[in-house]
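Asks: Fold the following and give me the result.
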Amino acid sequence: MLRIMCFLLAILASGITSADVSAVYGFDSRSEEQRYQNLIAELRCPKCQNQNIADSNSPISKDMRNAVYQMMQEGASNDEIVESLVGRFGEFVKYKPDLDSRTFVLWATPAIAVLGGLLVVAGVVVRSRRAGTAAPALSADEQARIEKMLAEKNRNGKA
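Replies: Numbers count the residues shown, from 1 in each chain. The predicted model follows:
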């Protein structure tokens with residue numbers, strides 16, 4: 001009986017230590033809740049690097065979620081909310097940064113990489129075609145040896 005009590009106490013204690021009470025927000029409509037979910041899915045956690053604030057449990061993400069909720073309750077638009085968080089945490093919090101002079105290289109890198117790869121492939125193809133166009137001619141001695149081998153093969157093959 002004592003073992004059962006200890007076991008139940010251990011289970012209960014482990015549940016208490018691992019429980020994390022997440023903030024529950026009240027929304028007036030389902031569309032407002034969906035808007036909130038979309039916003040927190042689009043914003044990146046500054047601490048977690050490649051995780052949105054919806055999935056992150058870091059304190060900064062919790063603060064950002066609270067800020068999004070508060071601004072929504074105050075009637076701010078999506079753009080105003082995002083710009084407020086960008087002003088506070090920097091352009092990094094946006095998964096899709098705007099195209100401007102600072103982010104041009106970020107947006108152009110895939111095109112530059114593909115173009116560079118195509119140029120390398122074209123260079124290799126052109127170089128291999130130039131090198132392989134003319135087959136070296138056989139000398140008279142080599143030609144005689146080949147004819148001798150073929151004649152010998154034909155004799156052995158017919159017999």
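Asks: Assign the spatially most central residue of the chain to helix, strand or coil.
Replies: Among the residues of the chain, the one closest to the centroid is N50, at 9.1 Å (Cα atoms, centre = their mean). When states are read from DSSP: H, G, I helix; E, B strand; the rest coil, the local structure at N50 comes out as coil.
Asks: so what's it up against?
Replies: Going by Cβ atoms under 8 Å, 6 or more residues apart in numbering, N50 touches R44. C-beta coordinates here come from the backbone N, C-alpha and C atoms, glycine included.
Asks: distance of it from Y95?
Replies: 9 Å (Cβ to Cβ, to the nearest Å).
Asks: Pull the residues that contact the helix or strand containing L150.
Replies: Element membership of L150, judged by DSSP states H and E, is helix 140-158. If you take Cβ under 8 Å, 6+ apart as the criterion, helix 140-158 is touched by L138.
Asks: got any ranges where the chain has weak pLDDT?
Replies: Within the chain, the ranges that satisfy pLDDT under 70 run 13-23, 132-136, 158-159.
Asks: So which residues of it form helices?
Replies: With DSSP state H as the definition, the chain shows helices at residue ranges 2-18, 30-42, 59-73, 78-89, 104-131, 140-158.
Asks: Serialize those to TSV and add fields for mean neighbour count and distance to V24.
Replies: Written out in TSV, the entries for the helices of the chain read as follows (neighbours: other Cβ atoms under 10 Å; distance: least, Cβ to Cβ, whole Å):
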stretch	mean neighbour count	distance to V24
helix 2-18	9	18
helix 30-42	14	11
helix 59-73	17	10
helix 78-89	15	20
helix 104-131	10	37
helix 140-158	9	88
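Asks: sorry, back to before: now the helix holding L150 - C-alpha only, PDB.
Replies: Included here for helix 140-158 are C-alpha records, laid out as PDB according to Å, rounded to 0.1, in the frame of the first residue of the first chain:
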ATOM      1  CA  ALA A 140      49.700   3.500 -90.200                       C
ATOM      2  CA  ASP A 141      51.200   1.000 -87.800                       C
ATOM      3  CA  GLU A 142      48.200   1.100 -85.400                       C
ATOM      4  CA  GLN A 143      45.800   0.700 -88.400                       C
ATOM      5  CA  ALA A 144      47.700  -2.400 -89.600                       C
ATOM      6  CA  ARG A 145      47.600  -3.900 -86.100                       C
ATOM      7  CA  ILE A 146      43.800  -3.400 -85.900                       C
ATOM      8  CA  GLU A 147      43.300  -4.900 -89.300                       C
ATOM      9  CA  LYS A 148      45.400  -7.900 -88.300                       C
ATOM     10  CA  MET A 149      43.400  -8.400 -85.100                       C
ATOM     11  CA  LEU A 150      40.100  -8.200 -86.900                       C
ATOM     12  CA  ALA A 151      41.200 -10.700 -89.600                       C
ATOM     13  CA  GLU A 152      42.500 -13.100 -86.900                       C
ATOM     14  CA  LYS A 153      39.100 -12.800 -85.100                       C
ATOM     15  CA  ASN A 154      37.200 -13.500 -88.200                       C
ATOM     16  CA  ARG A 155      39.300 -16.600 -89.000                       C
ATOM     17  CA  ASN A 156      38.800 -18.000 -85.400                       C
ATOM     18  CA  GLY A 157      35.100 -17.100 -85.400                       C
ATOM     19  CA  LYS A 158      34.400 -19.000 -88.700                       C
END
